[in-house]
Every structure is written in structure tokens, then in C-alpha cells.
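Colleague: quick check, what structure comes out for this input:
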Amino acid sequence: MKGKLVIFSAPSGSGKSTLVHYLMEQRDDFGFSVSATSRPPRGEERHGTDYFFFSPEEFRAKIVGDEFVEYEEVYPGRFYGTLKSQVEEQLERQNILFDVDVKGGCSLKKYYGERALFLFVQAPSIEELRRRLVARGDTAPEEIEKRIGKAEYEMTFAKYADRVIVNDNLETAKRMVVEIVNKFLNA
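Modeller: Modelled structure (predicted):
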């Protein structure tokens, strides 16, 4: 049987990546979706492992060629997307976890329907989100404010998710995610 998809979306700083990594530690039947991007690699990131890295021109050509399940121009000239070929090939072998922006999450859910579980992770408040972003210590204050503004907009997409996880207690959120995903995969 072909695999299923579990989609995580959240504003930056909600704890989404922590929950995704925890779920992957708990279950060995998932592969991680490798997204495509037009941004350059950071640090030790590798093409095909961390992301599929394309120039903005290459990315636009793939859009024209209808090669994406979903894509978004997150910032001007900065694209992220999910290649159809990558998903289909991976679904033949395993379930797939997605860590995508909110519009991408909505698009994936719409495209795959009942084969997909769309989880939206959010911090308990905008103030807590700001505190978490500041505590990371890796983001300039003006970038934090930009992300907060974006987060307020992204939180309006929670209503499209199958389930919303309010990450006010990490251990509780971890248990909820595992329980929800186990139920979905066993249905």
C-alpha cells in the first residue's frame, strides 16, 4: 500500500520543527519530504538531502512545467515548493512528513485529500512567539518583527488544518502529535 502524508505548518517559533523531529524519533516508518528552494545553501546543507536548491530562474521554469504539488514565493525571489515527482516516488516506499508554510500545507491537503493529515502548530500567544524568537538569539530584531507580522497572518490559516496543536507545553504537544498521527495512520 502506498504511504500517507502528515503535514506540519506553523508560524516561525511555534516549535513545529521540534515536534517533527520528535515524531520521526518515535516512528521509523516516515521519510522526510525534501523541499525545493531558490535560496542558497546554508552551512553544510546539501542538494537533495536538506533541500533541492535551484536558482530563481530554474525554480520558475519548474513552475511553468507544472512540476510542483505546491510552491510559494515566501519572500520576493525566494521560492519554496514540493516537487510532485519527489512525493510520488517517496510515497511508493513510505509515509512522508512535511514541514511547510501554511499555504503549502493547505495546498498539500487539498491535493492529497484523505491521504493527508494537516497539523497546524501554534504558540499560545503572539507575545510567547516573540519571546521564543528572541530567545533563539539568531535573529535580528527587525527580522523578528517581520516574522511576528507574518505569524499573525499565518495563524488565520489554522482553521483549514485537520487539527491544531497549541504548543504551550512541549511534552504535552509531543504526546498529542504522536497520538493524533498514530490514530491517522491506523485508520
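
Colleague: run a quick neighbour tally on residue 89.
Modeller: Residues lying near residue 89 (other Cβ atoms under 10 Å) number 10. All C-beta atoms are positioned from the backbone trio N, CA, C, and that covers glycine.

Colleague: er, residue 160 actually
Modeller: Burial of residue 160 is recorded as 15 neighbouring residues (other Cβ under 10 Å).

Colleague: where does the closest residue in space to it that isn't next to it in sequence fall, phi/psi-wise?
Modeller: Counting by Cβ to Cβ, 6 or more residues apart in numbering, the nearest residue to residue 160 once its immediate chain neighbours are dropped is residue 106, at 5.0 Å. Phi and psi for residue 106, reported as degrees, to the nearest 10, are phi -60, psi -40.

Colleague: do the same with the one 3 residues further on
Modeller: Taking degrees, to the nearest 10, you get phi -60, psi -40 for the backbone angles of residue 109.

Colleague: the lowest-mean-pLDDT helix or strand in the chain: what's the following helix or strand?
Modeller: Lowest mean confidence among the helices and strands of the chain (mean pLDDT, DSSP states H and E): helix 126-136, at a mean of 86. Sequence order places helix 141-154 as the next helix or strand after helix 126-136, per DSSP states H and E.
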